[in-house]
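# The following block contains a protein sequence and its predicted model.
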Amino acid sequence: MDLELRHLKTIRAIADAGSLTKAATVLGLAQPALSAQLKRIERALGGELFERGRHGVRATPLGEFVLARARVVLPAVSGLREEALRFGRAWEGGAGFRLGATHGPLLGALVDRLAAAHPGVPVTTHTSWSEREIASRTADGRLDFALVGTCGASTPPESELLVWREVARDPVFVMLPTGHPLAGRQEIDLAALAGEAWTDVPGDGCFADCFTAACARAGFTPSSVYETDVASCVHLVQVGRAVGLCRATFPPTHGLVTRPLAGAPLYWRHLLGWHPTAPAHDTAPAVFAQARAAHAEAAARSESYTAWLAAPSTRLP
């Protein structure tokens, strides 16, 4: 594993918090996920960084060495990004909208709405499975806006540099082939899918860990998970190779249905981010309003999501 800036941020957060539990809360991660991440970082650096005790954690000599370097490197990188942004491409009236997004229906709908509202103004896009890449490009001025998602209440990437606004939050639904024995149900218990293979799109957040934890609470471990692009996920569901995890706004698709999981064990937040000192900051309220309208339209097109929203017991954290 290559050491990245996010790993240094994790080490600093653990040291500042004094315990893995408190650091997990600050980082928006489950404590087991943070423990696993720390073990990977320690393997990469060649030794333990913290001693665990009843009263929390304390840095080892190696940990103190790494922390001293991290406290120099992290502010230096933040300063570099601020300077790069100031010298980056200045926003000129009518120059266009540069959007970065992970794959999903909201990006296309937002592009359509911006193009309709601003005829003749170019709208360019950059897509990636990595939320961190999108956020990094926005932080250093290569993109104006980041349209990404985070699992549950987890902290979005580059939160120290970017302004993030929540567009919406949705439950995670499951995709089934139309011939699946459970396809006719209005909602499905996660435990009822214990014997299935799964598919979803990749990401660099904590969703995989949260899904595994939700399955454990339901009494099983997923037999296999195929992480691949959206089109391949759809194909695997249509041919019955796997059931899929998807956002509730996933559009109607031939050969499959989407259904809510009982109790909404997983949810997803759609976020729009931008740099507060970038020229695009002035257009952020309008772009945010268009993103919210795009989400509302996507939700209205899904019969299963519309039914879920209308149910009296429906709620998310």
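Received, thanks.
# quick one: average pLDDT of stretch 255-268?
Stretch 255-268 carries an average pLDDT of 94.
# er, stretch 108-120 I mean
Computed over stretch 108-120, the mean pLDDT rounds to 91.
# From here on, call the first residue 498.
New numbering, starting at 498: the last item is stretch 605-617.
# which other residues reach that stretch?
Stretch 605-617 is contacted from outside by 591, 594, 596, 598, 618, 620, 622, 644, 783-784, 787-788, 790-792, 794-795, using Cβ atoms under 8 Å, 6 or more residues apart in numbering. To be clear about C-beta, it is placed using only N, CA and C from the backbone, and glycine gets the same treatment.
# Report the buried members of those.
594, 596, 598, 644, 784, 787-788, 791-792, 795 (16 or more other Cβ atoms under 10 Å).
# among those, which are in helices?
If you go by DSSP state H, the buried ones among the contacts of stretch 605-617 have 784, 787-788, 791-792, 795 in helices.
# Same list, those, but as TSV with distance to residue 657 please.
Formatted as TSV, those follow (distance: Cβ to Cβ, whole Å):
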residue	distance to residue 657
784	22
787	26
788	22
791	27
792	26
795	30
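# With distance to residue 736 and pLDDT added, can I get the buried ones among the contacts of stretch 605-617 in TSV?
Listed next are the buried ones among the contacts of stretch 605-617 as TSV, based on distance: Cβ to Cβ, whole Å; pLDDT from 0 to 100:
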residue	distance to residue 736	pLDDT
594	38	91
596	33	96
598	28	94
644	30	96
784	38	94
787	36	95
788	34	96
791	31	94
792	30	95
795	26	90
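# in the stretch 498-647 of the chain, which spans are helices?
Applying DSSP state H, counting those that start in this stretch to the stretch 498-647 of the chain gives helices spanning 502-514, 517-524, 528-542, 558-584, 602-614, 628-636.
# In terms of mean pLDDT, which of the ones you listed ranks lowest?
helix 558-584 (a mean of 78).
# Show me the domain layout of the protein.
Domain ranges of the chain: 502-584, 589-814, per automatic domain parsing.
# just curious, which of the buried ones among the contacts of stretch 605-617 is nearest to residue 726?
residue 598 (14.2 Å; Cβ to Cβ).
# Just grab the bridge partners of residue 661 for me.
residue 770 (DSSP bridges).
# and it, how far is that from residue 762?
In this view, residue 661 and residue 762 are 24 Å apart by Cβ to Cβ, to the nearest Å.
# Kindly report the same for residue 537.
From residue 537 to residue 762 the distance is 26 Å (Cβ to Cβ).
# just to revisit the earlier point, let me know which of the domains of the chain is tucked in deepest.
Comparing those by mean neighbour count (mean count of other Cβ atoms under 10 Å), domain 589-814 ranks first with a mean of 18.
# that older thread, now render the helices of the stretch 498-647 of the chain as CSV, adding distance to residue 733.
CSV is the format used below for those (distance: least, Cβ to Cβ, whole Å):
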stretch, distance to residue 733
helix 502-514, 30
helix 517-524, 32
helix 528-542, 26
helix 558-584, 39
helix 602-614, 19
helix 628-636, 23
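# Which among those helices is found nearest to residue 678?
That would be helix 602-614 among the helices of the stretch 498-647 of the chain, by Cβ to Cβ, at 27.5 Å.
# circling back to that earlier point, ok, the ones in helices among the buried ones among the contacts of stretch 605-617 vs residue 731, which is closest?
Checking these against residue 731 by Cβ to Cβ gives residue 795 as the nearest, at 16.3 Å.
# Does residue 666 touch residue 764 like I think?
Yes. Contact criterion Cβ atoms under 8 Å: residue 666 and residue 764 qualify, at 5.8 Å.
# what touches both of these two?
Residues touching both residue 666 and residue 764 by Cβ under 8 Å, 6+ apart: residue 813.
# which residues touch the residue lying farthest from the centre of the chain?
Centroid-distance maximum for the chain: residue 558 at 34.4 Å, with Cα atoms, centre = their mean. Contacts for residue 558 were tallied using Cβ under 8 Å, 6+ apart; there are none.
# Report the separation between it and residue 564.
According to Cβ to Cβ, residue 558 and residue 564 sit 11 Å apart.
# With just CA atoms, put stretch 804-814 into PDB.
Taking Å, rounded to 0.1, in the frame of the first residue of the first chain, the C-alpha atoms of stretch 804-814 are listed here in PDB:
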ATOM      1  CA  ALA A 804     -43.800   4.700  -2.600                       C
ATOM      2  CA  TRP A 805     -41.000   4.600   0.000                       C
ATOM      3  CA  LEU A 806     -41.200   8.400   0.600                       C
ATOM      4  CA  ALA A 807     -45.000   8.200   1.000                       C
ATOM      5  CA  ALA A 808     -44.900   5.500   3.700                       C
ATOM      6  CA  PRO A 809     -45.700   6.900   7.100                       C
ATOM      7  CA  SER A 810     -42.800   5.100   8.800                       C
ATOM      8  CA  THR A 811     -40.200   6.400   6.300                       C
ATOM      9  CA  ARG A 812     -37.300   8.300   7.800                       C
ATOM     10  CA  LEU A 813     -33.500   8.600   7.700                       C
ATOM     11  CA  PRO A 814     -31.000   9.800  10.300                       C
END
